[in-house]
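Q: got a predicted structure here, sequence first:
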2 protein chains.
Amino acid sequence: MRRTAETLTPDTLDLKNYLSKKKAVVDSALEAYLAETKGPASHVVDAMRYSLFAGGKRLRPILCLAGATAAGGTEENALPVACALELIHTYSLIHDDLPVMDNDNLRRGKPTNHKVFGEAVALLAGDGLLTEAFNLIATAEITQDVTADVLLRVTSMIAQASGYRGMIGGQLLDIQWEGKTANPALVELIHTRKTGALIMVSVTSGAILGGGNETQIQAIATYGEKTGLAFQISDDLLDIEGDSYAMGKMAGADQKKGKLTYPSAFGLDRSRDIQAKLVESAIESLALLGPNAEPLRRIARYIIERNK
Amino acid sequence: MRRTAETLTPDTLDLKNYLSKKKAVVDSALEAYLAETKGPASHVVDAMRYSLFAGGKRLRPILCLAGATAAGGTEENALPVACALELIHTYSLIHDDLPVMDNDNLRRGKPTNHKVFGEAVALLAGDGLLTEAFNLIATAEITQDVTADVLLRVTSMIAQASGYRGMIGGQLLDIQWEGKTANPALVELIHTRKTGALIMVSVTSGAILGGGNETQIQAIATYGEKTGLAFQISDDLLDIEGDSYAMGKMAGADQKKGKLTYPSAFGLDRSRDIQAKLVESAIESLALLGPNAEPLRRIARYIIERNK
């Protein structure tokens, strides 16, 4: 079953509607992939599910699905990997919230995982989500029309983007540089690794699973790179300008911890300028792609709108 | 290059020599796969390498290599996965030693990871090792003579054995039941998951990578199941009978923490009996395999010898 035609033309694409439909697709797949269990280890599955279903926007999986259709493929073939990306994102939040890291009590308007399950179980729940992500990708061949070669390529890309070369490296820098003087080059590096790498690999793996050619994949990867950085700048801006209720976490938390952010390194106005240029350039990189890439273009624009 | 003939016949196999040769092969591959790096995230790589090269016996990778040759294949094709298993084992030790888990200060005679690098970096180092393990498996196709299908099968098996269905589930039970009354069935369940699952999957993935047929793979999996449990019983016995210096960790630590162990559930003599029967039965399960499986038989016997 191909679900592309009705939502993808520029004129008819209503982004809110698109995002909410795709979120429902992802949520129901996640529910199937990580169902409640009974038995001895069910407590850790409960903890994994608690954070997985705590109200995430599913941005990374949606970018993965949108990457697949932009490259001319079906969402179905990207769905297990899309869900794996959300598992990885969720694990990173759980570990990041732990007292030894950012020590956050609130996430998406709910108590963080360790506040509910204790630190040991939260640690294991994060480990469990990360591990299960790779099981999900590895078993996708059985149900999806994708080759083993493609799945291995995607596995390696995702592991590299999430590992010390990417997200974990970014988190290390993030905590190492807490409270130090903002340095523009360093802030860009931290954001690119901590948030950008996983967003970039989300949309790129979608393009690969969607059967895109290398030119398409490269264009979509460039889009992902710019969009990922723009998204983190938007998070920085919301920390200053957003309200805690709408965000589901404490506004000003980054400032209080002395995190290196775009506003702290560049000031508010210049941060907004940089972000706008990134979004523009992300959209330009999709020039060779047709109306199938419209959701990607709209999502990029939405990043700026969310902090207005 | 096939390295099988010279060491595998029952008469000539000197286990100490075999283990030390294979350890050297694994160590040098690990050094190549996770080399020192310069640059911003090098500190987390240093922490990953600290525990990875802290003197592990490389039991899991050696079982993987021995599984490959037992199934008639080459060690070379199993080497990246063998190393990935050591990365996973090392990550589990780092997270297990953290204050929120077992709070251990000494491992293999050296300060634990968080004692040297701090808890935040130790957490990230564990995450980094787990993530890199899957990158290593996914990129093995490029250098090894194995198909993508085989690598995906092995990825899924390893992720399931390390995840909430296996090792992580076992660790949850291990901490949940600390200080509670020993229950034989539960102790077996904890040990099977916490230690047994990864050992079983080590030797089984070797058999798959070695191109074994399903009968051979099943026989080797049964061997792995019994051996894994026997190995954890040996760890329990060493906690009571071993000396801290030789073990590189504090003897009696499990007792002090009130861990559920075989001796606490079955008594010392019965634990030794159970272990001996497991080893016997592990060796019997290899009956259909010829002299190529001799290293596996010797390794099983060695498990009993190490706690004599």
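A: Received the coordinates, thanks.
Q: give me the residue at the spatial middle of chain A.
A: Nearest to the mean C-alpha position of chain A, by CA atoms, centre = their mean, lies A:Arg60 at 3.5 Å.
Q: which stretches in the stretch 101-250 of chain A count as helices?
A: Ranges of helices within the stretch 101-250 of chain A are A:113-117, A:119-138, A:140-143, A:148-162, A:167-176, A:184-191, A:197-209, A:214-241, A:244-247, based on DSSP state H, counting those that start in this stretch.
Q: among these, which is the most enclosed?
A: helix A:197-209 (a mean of 29; mean count of other CB atoms under 10 Å in any protein chain shown). For glycine as for every other residue, the C-beta is placed from the backbone atoms N, C-alpha and C.
Q: next, the angle helix A:167-176 makes with that one.
A: Helix A:197-209 and helix A:167-176 are oriented at 170 degrees to each other (axes from the mean of the first three to the mean of the last three CA atoms, to 10 degrees).
Q: so does helix A:197-209 get close to chain B?
A: No. Helix A:197-209 does not reach chain B (CB under 8 Å from any CB of the partner chain); its nearest approach is 11.3 Å.
Q: which residues does A:Leu123 contact?
A: Counting by CB atoms under 8 Å, 6 or more residues apart in numbering or on different chains, A:Leu123 makes contact with A:95, A:98, A:114, B:95, B:98, B:100-101, B:123.
Q: same check, this time on A:Asp96
A: A:102, A:104, A:171.
Q: and the stretch 1-150 of chain A, which residues reach chain B?
A: The stretch 1-150 of chain A has residues A:40-41, A:43-45, A:48, A:91, A:95, A:98, A:100-101, A:118-121, A:123-124, A:126-128, A:130-132, A:134-135, A:137-139, A:141, A:147-149 near chain B, with proximity defined as CB under 8 Å from any CB.
Q: ok, the residue of the stretch 151-300 of chain A found nearest chain B to A:Lys194 distance?
A: Chain B sits closest to A:Gly169 of the stretch 151-300 of chain A, with a gap of 3.1 Å, by CB to the nearest CB. According to CB to CB, to the nearest Å, A:Gly169 stands 8 Å off from A:Lys194.
Q: C-terminal to the lowest-mean-pLDDT helix or strand in chain A, what's the next element?
A: Of all helical and strand segments in chain A, the minimum by mean pLDDT, DSSP states H and E falls on helix A:5-8, at a mean of 45. Counting by DSSP states H and E, the next helix or strand C-terminal to helix A:5-8 is helix A:15-33.
Q: what's that following helix in contact with?
A: A:7, A:52-53, A:57-58, A:61-62, A:65-66, A:75, A:79-80, A:82-83, A:86, A:132, A:136, A:295, A:298-299, A:302.
Q: keep only those of the residues you listed that are in helices.
A: A:7, A:52, A:61-62, A:65-66, A:79-80, A:82-83, A:86, A:132, A:136, A:295, A:298-299, A:302 (DSSP state H).
Q: now the residues you listed: which count as buried?
A: A:7, A:52, A:61-62, A:65-66, A:79-80, A:82-83, A:86, A:132, A:136, A:295, A:298-299, A:302 (16 or more other CB atoms under 10 Å in any protein chain shown).
Q: ok, A:Leu124 touching A:Val44?
A: Yes. With contact defined as CB atoms under 8 Å, A:Leu124 reaches A:Val44; the gap is 5.2 Å.
Q: what count of nearby residues applies to A:Ala287?
A: Applying other CB atoms under 10 Å in any protein chain shown, we find 8 residues neighbouring A:Ala287.
Q: now do A:Glu305
A: A:Glu305: 11 neighbours (other CB under 10 Å).
Q: for it, give me the pLDDT.
A: At A:Glu305, the pLDDT value in this model is 80.
Q: what separation is there between it and chain B?
A: Look at A:Glu305 and chain B: by CB to the nearest CB, to the nearest Å, they are 32 Å apart.
Q: with A:Lys16 instead?
A: 34 Å.
Q: next one, pLDDT for that residue please.
A: 92.
Q: quick check: it vs A:Lys23, distance?
A: The gap separating A:Lys16 from A:Lys23 is 11 Å, by CB to CB.
Q: repeat for A:Arg193
A: 26 Å.
Q: more neighbours: those two, which one.
A: The residue with more neighbours, out of A:Arg193 and A:Lys23, is A:Arg193; 25 against 16, by other CB under 10 Å.
Q: the residue lying closest to A:Gly252 once chain neighbours are set aside: what's it in contact with?
A: Nearest residue to A:Gly252, sequence neighbours excluded (CB to CB, 6 or more residues apart in numbering or on different chains): A:Asp239, at 6.4 Å. A:Asp239 is in contact with A:251-255, A:261, counting by CB under 8 Å, 6+ apart.
Q: low-scoring stretches of the stretch 201-308 of chain A, by residue?
A: By pLDDT under 70, the low-scoring segments of the stretch 201-308 of chain A are A:243-251, A:307-308.
Q: who in the stretch 151-300 of chain A is up against chain B?
A: So far as CB under 8 Å from any CB goes, the stretch 151-300 of chain A lies against chain B at A:151-153, A:155-156, A:159-160, A:162-165, A:168-173, A:175-176, A:186, A:189, A:193.
Q: and the gap between A:Gly163 and A:Asn292?
A: Shown here: A:Gly163 relative to A:Asn292, a distance of 31 Å by CB to CB.
Q: with that, I have no additional questions.
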